[in-house]
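> With the sequence up front, the predicted model follows.
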Amino acid sequence: MKAILLGLALIAGAIVVDTEQLKSDLSEIERDAMALELYLQDKQDHEGYCPHISWSQPPLSTYKETLVSHLPEGCKQ
């Protein structure tokens, strides 16, 4: 049982590392596409979930650098 749990922990750790590696290995076009998708999703989610929260959406260039959502805290749970 311990061996199975240890194996699962190692696999989970490898998945996290692979995700970070994937972000750094993306072509410029793939990175731009992911950033645009996040940008548009954030815009839609802000309008749909928390239009009452004042938020100035960062420029697309910020999304290209980080590849993460930039919704205000508490907007979408």
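Looks like it came in fine. Residues are numbered from 1 along each chain as shown.

> make it CA atoms for all contacts and neighbour counts henceforth
OK.

> pLDDT below threshold where in the protein?
Scanning the chain for pLDDT under 70 picks out 1-24, 77.

> one more time with 50
Confidence mapping of the chain against pLDDT under 50 gives the ranges 5-6, 17.

> Only alpha carbons, please: show stretch 35-53 as CSV.
Output in CSV follows, covering the C-alpha atoms of stretch 35-53 (Å, rounded to 0.1, in the frame of the first residue of the first chain):
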residue,chain,number,x,y,z
ALA,A,35,-2.8,33.8,-23.7
LEU,A,36,-5.6,35.0,-25.9
GLU,A,37,-7.9,32.3,-24.7
LEU,A,38,-7.2,33.2,-21.1
TYR,A,39,-7.7,36.9,-21.8
LEU,A,40,-11.1,36.3,-23.5
GLN,A,41,-12.2,33.9,-20.8
ASP,A,42,-11.3,36.3,-18.0
LYS,A,43,-13.3,39.0,-19.8
GLN,A,44,-16.3,36.8,-20.2
ASP,A,45,-16.1,35.4,-16.6
HIS,A,46,-15.8,38.9,-15.1
GLU,A,47,-18.9,40.0,-17.0
GLY,A,48,-20.8,36.8,-16.0
TYR,A,49,-19.7,36.2,-12.4
CYS,A,50,-18.6,39.5,-10.9
PRO,A,51,-19.5,42.7,-12.9
HIS,A,52,-20.0,44.4,-9.5
ILE,A,53,-16.2,44.1,-8.7
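
> ok, for Leu71, nearest residue in space, not its chain neighbours?
Asp42 (6.0 Å; Cα to Cα, 6 or more residues apart in numbering).
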